[in-house]
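# Sharing a sequence plus its predicted fold:
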Amino acid sequence: MTGTDESADEDALFVLSAVLLTPAQFPSVLGDDFPEACAALGLEPYDRGYGLVLGQDGGGARWTVAVDDVSLVAVAIAAWDCGMEYDLSPDERTVVAALPGWPLALSVAAPGIPAPHDPDPEPGVDDDGASPPLAPPDTTSWGSAQRRLGADEIALQWEAWREQFDSEDEEHRTGAAAGADADSVKDGDGDAEEPPEEKAESEATRDDGQLDDTQALHDGVRRVLKELHGYLESSPPPGRIRSGFAPAGARMLRADGPGWSLVARTDDIAYILLDDEPNEVLPVGRGPELPKLLEALDRIAVRPS
């Protein structure tokens with residue numbers, strides 16, 4: 001393996017990017033859990049995980065090299081994130097597999113060699129015996145990959161999503177209270193369906209942690225909460241629940257399941273995304289039960305080492 005400033009050697013890999021594939025940290029676009037993400041690459045779900053090195057050979061072909069030296073790849077990623085140069089050159093003895101193609105979309109290319117393309121099939125391997133090159137999951141339309149990416153984005157932009165939720169909640173409460181006042185005046189006999197102060201209080205339950213009527217009745221939300229409780233009784237596959245850092249001593253939780261994703265802060269609310277609800281983000285207020293559920297999930301979640 002080599003950097004991009006050396007002469008083009010057909011057998012060299014010009015490293016462009018790298019990611020971790022471990023139970024605690026893996027590209028969620030590849031699957032709901034670590035074994036599923038490994039299966040997408042044809043790898044065994046090795047407990048310690050892998051480092052994935054993405055690059056091009058001297059002819060410009062895309063390759064993904066899986067190595068078992070996870071620490072080395074983690075150091076390289078940390079250095080790059082800090083804007084530092086790092087020559088990622090894993091020892092050949094750590095290489096587990098060299099896979100044609102890229103499982104993730106890259107917008108960069110190595111200079112001085114042909115543009116990125118899938119490698120030609122190996123000589124002597126017919127179409128039936130050759131695995132197709134890796135390719136990024138389709139995220140152009142709503143589906144499992146897009147749903148998981150959406151949950152990841154909420155985790156990264158938590159404060160912005162929280163402010164948006166608070167703003168929409170305030171507008172919802174203000175509009176409901178104004179409508180109740182209008183109904184009361186219209187009735188004229190004082191027998192409004194619900195006094196304005198009581199109606200405003202019921203709408204405000206979203207703010208102090210209770211679920212509003214829409215959330216409480218949403219079949220998808222109920223199903224997700226039930227499955228999350230099931231994770232506490234029967235351990236889910238590795239990586240199905242992941243715990244990351246959050247400010248103020250809290251933890252950021254990411255959990256996935258068949259057709260759904262959850263992102264939550266242990267000191268705040270939760271958001272749920274569903275395959276059956278394209279582009280919708282369903283907030284779940286804290287209430288009396290959510291804090292206990294999040295704390296229990298955090299105890300069984302995997303964490304980056």
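Right, received. Where do you want to start?
# And the strands in this structure, which stretches?
14-21, 50-56, 62-67, 95-100, 241-245, 251-257, 260-265, 270-274, 282-284 (DSSP state E).
# Make CSV from those strands and add mean pLDDT to it.
As requested, the strands of the chain are exported to CSV (pLDDT from 0 to 100):
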stretch, mean pLDDT
strand 14-21, 97
strand 50-56, 98
strand 62-67, 98
strand 95-100, 97
strand 241-245, 97
strand 251-257, 98
strand 260-265, 98
strand 270-274, 97
strand 282-284, 94
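# Please tabulate those in TSV, including the columns mean neighbour count and distance to Pro27.
(C-beta placed from N, C-alpha, C; glycine too.) Listed next are the strands of the chain as TSV, based on neighbours: other CB atoms under 10 Å; distance: least, CB to CB, whole Å:
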stretch	mean neighbour count	distance to Pro27
strand 14-21	20	6
strand 50-56	25	8
strand 62-67	22	11
strand 95-100	16	14
strand 241-245	19	12
strand 251-257	22	12
strand 260-265	24	14
strand 270-274	24	17
strand 282-284	20	24
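# how about the ones you listed in TSV, adding distance to Leu293?
TSV is the format used below for the strands of the chain (distance: least, CB to CB, whole Å):
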stretch	distance to Leu293
strand 14-21	28
strand 50-56	32
strand 62-67	35
strand 95-100	37
strand 241-245	11
strand 251-257	10
strand 260-265	9
strand 270-274	9
strand 282-284	10
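# where's the closest residue to Pro132 other than its chain neighbours relative to Ala115, distance?
In space, and not counting its chain neighbours, Pro132 is closest to Gly101: 7.6 Å by CB to CB, 6 or more residues apart in numbering. Gly101 sits 15 Å away from Ala115, going by CB to CB, to the nearest Å.
# For burial, what's the neighbour tally of Ala39?
Applying other CB atoms under 10 Å, we find 14 residues neighbouring Ala39.
# That one contacts Asp32, correct?
No. Using CB atoms under 8 Å, Ala39 makes no contact with Asp32, being 11.0 Å away.
# separation between the closest residue to Ala155 other than its chain neighbours and Gly150?
Spatial nearest neighbour of Ala155, chain neighbours left out: Val263 (4.9 Å); criterion: CB to CB, 6+ apart. In this view, Val263 and Gly150 are 9 Å apart by CB to CB.
# Then Val65?
29 Å.
# go on, Lys292?
Applying CB to CB, the value for Lys292 to Gly150 is 26 Å.
# With Leu134 instead?
Per CB to CB, Leu134 is found 23 Å from Gly150.
# Where does pLDDT dip in the stretch 1-150 of the chain?
Residues of the stretch 1-150 of the chain meeting the criterion pLDDT under 70: 1-10, 123-130.
# Figure out how far stretch 64-71 is from the centre of its chain.
Put simply, stretch 64-71 sits 21 Å off its chain's centre (CA atoms, centre = their mean, to the nearest Å).
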